[in-house]
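**Student:** Below are the sequence and a predicted model; questions follow.
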Amino acid sequence: VVVGAGFGGLAVARELRDRAVDVVVVDANNFHTFQPLLYQVATAGLDEDDIAYAVRGIFRRQRNVEFRMGRVTAVDLDARTVCLDGVPEVGGAVIDYDDLVIAAGAVTATFGVQGVEEHALGLKSIDDALNVRAHVLHQFERVAVNPTLIDEGAITFVVVGGGPTGVELAGGLVELMGVLGRDFQSLDVRRARVVLVEAGDRLLPAFAPSLGRHAVETLRRRGVEVILGAGVDRIDEHGAHLAGGFVPAHTVVWTAGITASPLASALAVETTKGGRIVVGPDLSIPAHPEVYVVGDVAAMPDGHGGIAPQLAPAAMQGGRHAARQIVRRIDGQETEPFHYVDKGTMATIGRSAAVAQLPGGIHLWGPVGWLAWLGLHLVMLIGFRNRANVLVNWGWNYFTYDRGARLLSAADIEERNA
Ligand SMILES: Cc1cc2nc3c(=O)[nH]c(=O)nc-3n(C[C@H](O)[C@H](O)[C@H](O)COP(=O)(O)OP(=O)(O)OC[C@H]3O[C@@H](n4cnc5c(N)ncnc54)[C@H](O)[C@@H]3O)c2cc1C
């Protein structure tokens, strides 16, 4: 049984393709989400089905995989069962396993900051991305009716967190402002503000300082207000209260951090400070060699004395490793330790601008970094249709300076007014 059809879970099931094993993949959603491009859905650059793929479709030709839609609420490690809450009409279910791989990912961490849950938007799922998009578009429709709302911060967009997600979202939002400027010609869209707030003294702390500085300079040149060294103390319906200031804003997007899936704490096993499940060198949990934990939900020893980062390649490598260990145990062999291979990290800043930190100390930035980013993300997307759609949409957006996915329904507005 594989819990989660994210990067880690899919890698497990695919690695077991030609093995004489039955695989049951369980996910709360019936689709896989390509999270690195969520910010593009949030900023109307791509549609949601460009970056998601039905799990049943992914495994249509892999006969040894079954899919069950449902949220795993409990795991009985002694009885070797997982409990699903299931789709509401069907009710819950219990699935027995011989081997279990938990790849349930992570959720947004609020770090206890007051008002985040009530007043900030997240960016961790397709629903979150659609919510941000609808919210942003709705603010413009409100301001078009009542321009005095601008003074209250109706078209001020605060992004909290200067990691890759915050940088990408801020860069995408400022480009969207340009498009909306053409849509709302009677509005002075130059009064729209995109504010990126980071508590540390630089952006992209996981990258080399020079790449962080490049991100700051590029974002500022494009009109993003970058505030460094100012933690957010509180968020309320009026805006973000920072250490030493207040930004009036009707939109605050919280990208400041993640914590392991709540399933980790439901398991009653050892976890780290960030809630990640502690696993041994082969990625199984102590005293349960038949249970592996991979990806963002696990503190995977990287084989070099550290912990593997919460990134898609680490989850995929962990998934493949766990699958191989399951096969080794079936074949009566000892399991092997996991070794994470760092393939580098990238973050896009917007049109023709990205930073990439590759192994061997290679740094790319500007248009070269951006082309590398585009190529990698196209290759990693699942399914030819998604790749083709994304390529066409990117081409269209690039050459027309437009963004097609700017739909806002009456239901969206009702939900926002509720
Ligand atoms: C906005 C954003 C941008 C990112 N950009 C990058 C990037 O550019 N490069 C990069 O390498 N990484 C990036 N990441 C990180 C990357 O997406 C994660 O590291 C990766 O998705 C982790 O894979 P995973 O399999 O552990 O979890 P996920 O891919 O999150 O998959 C977990 C799956 O488990 C399911 N699930 C969770 N709980 C349960 C449950 N109880 N029962 C059933 N199903 C459950 C979820 O529905 C989900 O499908 C980004 C993440 C975000 C949010």
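**Tutor:** Yes, it's here.
**Student:** contacts and neighbour counts: CA atoms only from here.
**Tutor:** OK.
**Student:** Just the strands from the stretch 51-200 of the chain, written as ranges.
**Tutor:** For the stretch 51-200 of the chain, applying DSSP state E, counting those that start in this stretch gives strands covering 52-54, 65-69, 72-76, 81-84, 93-96, 100-102, 106-108, 156-160, 193-198.
**Student:** ok now stretch 66-75, how far from the chain's centre?
**Tutor:** 21 Å (Cα atoms, centre = their mean, to the nearest Å).
**Student:** sorry, that was for stretch 40-53
**Tutor:** Worked out by Cα atoms, centre = their mean, stretch 40-53 lies 12 Å from the chain centre.
**Student:** Give me the residues contacting that stretch.
**Tutor:** Here stretch 40-53 makes contact (Cα atoms under 8 Å, 6 or more residues apart in numbering) with 31-35, 37-38, 126, 128-133, 169, 172-173, 176, 381-383, 386-387, 389-390, 393-394, 397, 403-406.
**Student:** Give me the buried subset of those.
**Tutor:** 31-35, 37-38, 126, 128-133, 169, 172-173, 176, 381-382, 386-387, 389-390, 393-394, 397, 403, 405-406 (16 or more other Cα atoms under 10 Å).
**Student:** Those in helices, which ones?
**Tutor:** 38, 126, 128-133, 169, 172-173, 176, 386-387, 389-390, 393-394, 397 (DSSP state H).
**Student:** Can you get me a residue count around residue 287?
**Tutor:** Residue 287 sits with 8 neighbouring residues when counted by other Cα atoms under 10 Å.
**Student:** follow-up on the earlier one: mind checking the strands of the stretch 51-200 of the chain for the one nearest to the ligand?
**Tutor:** With Cα to the nearest ligand atom, the closest approach to the ligand among these belongs to strand 72-76: 3.8 Å.
**Student:** what about that closest one, near the ligand?
**Tutor:** Yes: judged by Cα under 6 Å from any ligand atom, strand 72-76 comes into contact with the ligand at 72, 73.
**Student:** starting at the chain centroid, how far to that strand?
**Tutor:** Centre to centre, stretch against its chain (Cα atoms, centre = their mean), the figure for strand 72-76 is 24 Å.
**Student:** same check, this time on stretch 299-310
**Tutor:** 20 Å.
**Student:** CA atoms only for it, dumped as CSV, please.
**Tutor:** This file holds the C-alpha atoms of stretch 299-310, laid out as CSV (Å, rounded to 0.1, in the frame of the first residue of the first chain):
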residue,chain,number,x,y,z
ALA,A,299,13.3,13.1,7.7
MET,A,300,15.2,11.0,5.1
PRO,A,301,18.9,10.6,6.0
ASP,A,302,20.7,11.7,2.8
GLY,A,303,23.6,9.3,3.2
HIS,A,304,26.1,12.2,3.6
GLY,A,305,25.4,13.0,7.2
GLY,A,306,22.4,15.3,6.7
ILE,A,307,18.7,15.2,5.9
ALA,A,308,17.4,15.2,2.3
PRO,A,309,15.6,18.5,1.4
GLN,A,310,11.8,18.7,1.0
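**Student:** what's across from residue 107 in the sheet?
**Tutor:** residue 259 (DSSP bridges).
**Student:** So it is in contact with residue 256, correct?
**Tutor:** No: with contact defined as Cα atoms under 8 Å, residue 107 does not reach residue 256; the gap is 11.4 Å.
**Student:** More neighbours: those two, which one.
**Tutor:** residue 256 (21 against 18).
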